[in-house]
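Enquirer: The following comprises the amino acid sequence and a computationally predicted model.
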Amino acid sequence: MLRSVSSFLGLIALAADSSGAQAFELTSPDVAEGKTIDMRHVYDSMSCTGENISPELHWSDPPPGTKSFAVLVHDPDAPTGGAGFWHWLVVDIPADVHGLKRGAGDASGKNLPSGAHHLETDFGDKAYGGPCPPPGKPHRYVFTVYALKTEKLGDAAHGRTAAAGFTINQNALAKASITALFGR
């Protein structure tokens, strides 16, 4: 009996895997998994000399029930006592939008999709802030898109980065990431 139940469950798993359903995925022509981030996307201050242009991002196959998206960029290797460093936070991206153009992180917000907006980063700006680690070992930069079950995140997401991250994670249906590198 146990063997037949186990076989039946195995067949169900196989059928689910062959259903053709795609996984939520993040891609970019500008940043790639495990690759070095180009200088055009590096911060242009604090002894860094990049162009500070946010990379182009695309996502596909969000889960059913997705009502908006959020994009966050985090450096978990920053020497901040374990908190890491937040480089970009974009929220309230409409559900029918499946990407951000190169340069969408401009502080003016004019390159963001209608309704979307920047939250304050750890640089203190409401804009994209590229990599600028201290000299030494390269840092990881995690670009993550979240599919959210709410259209708007509300006041809780407009606080500091930790409050925004908490609110985003509480409303996440799925997430997809690319981890790229930069060191100097």
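Expert: It's in. Numbers count the residues shown, from 1 in each chain.
Enquirer: rest of the way, CA atoms for contacts and neighbours
Expert: Noted.
Enquirer: Now do the SS call for the residue nearest to the spatial centre of the chain.
Expert: Centroid-nearest residue in the chain, with C-alpha atoms, centre = their mean: residue 144, separated by 2.0 Å. The three-state label given to residue 144 by DSSP: H, G, I helix; E, B strand; the rest coil is strand.
Enquirer: Could you shift the numbering so residue one becomes 12, and keep it that way?
Expert: From this message on, residue numbering opens at 12, which makes the last subject residue 155.
Enquirer: Count the neighbours of the nearest residue to it once chain neighbours are set aside for me.
Expert: The shortest distance from residue 155 to any non-neighbouring residue, by C-alpha to C-alpha, 6 or more residues apart in numbering, is to residue 188 (4.2 Å). The number of residues packed near residue 188 is 20, by other C-alpha atoms under 10 Å.
Enquirer: pLDDT at residue 188, what is it?
Expert: Each residue has a pLDDT score; the one for residue 188 is 98.
Enquirer: wait, is it part of a helix?
Expert: No - secondary structure assignment places residue 188 outside any helix; it is strand (three-state DSSP).
Enquirer: In contact with it, which residues?
Expert: Contacts for residue 188 were tallied using C-alpha atoms under 8 Å, 6 or more residues apart in numbering; they are 36-37, 153-156.
Enquirer: switch the cut-off to 6 Å
Expert: Shown in contact with residue 188 (C-alpha atoms under 6 Å, 6 or more residues apart in numbering): 37, 154-155.
Enquirer: ok, residue 103 touching residue 163?
Expert: Yes - Residue 103 lies in contact with residue 163 (C-alpha atoms under 6 Å); the separation is 5.3 Å.
Enquirer: Can you get me a residue count around residue 52?
Expert: A count of nearby residues for residue 52, using other C-alpha under 10 Å, gives 21.
Enquirer: what separates it from residue 112, distance-wise?
Expert: Separation of residue 52 from residue 112 (C-alpha to C-alpha, to the nearest Å) stands at 13 Å.
Enquirer: Check residue 190 too.
Expert: Relative to residue 112, residue 190 is positioned 19 Å away (criterion: C-alpha to C-alpha).
Enquirer: still on that earlier bit, who's more crowded, residue 103 and residue 163?
Expert: Between residue 103 and residue 163, counting by other C-alpha under 10 Å, residue 103 is the more crowded of the two (23 against 17).
Enquirer: Helix, strand, or coil at the more buried one?
Expert: At residue 103 the chain is in strand, as set by three-state DSSP.
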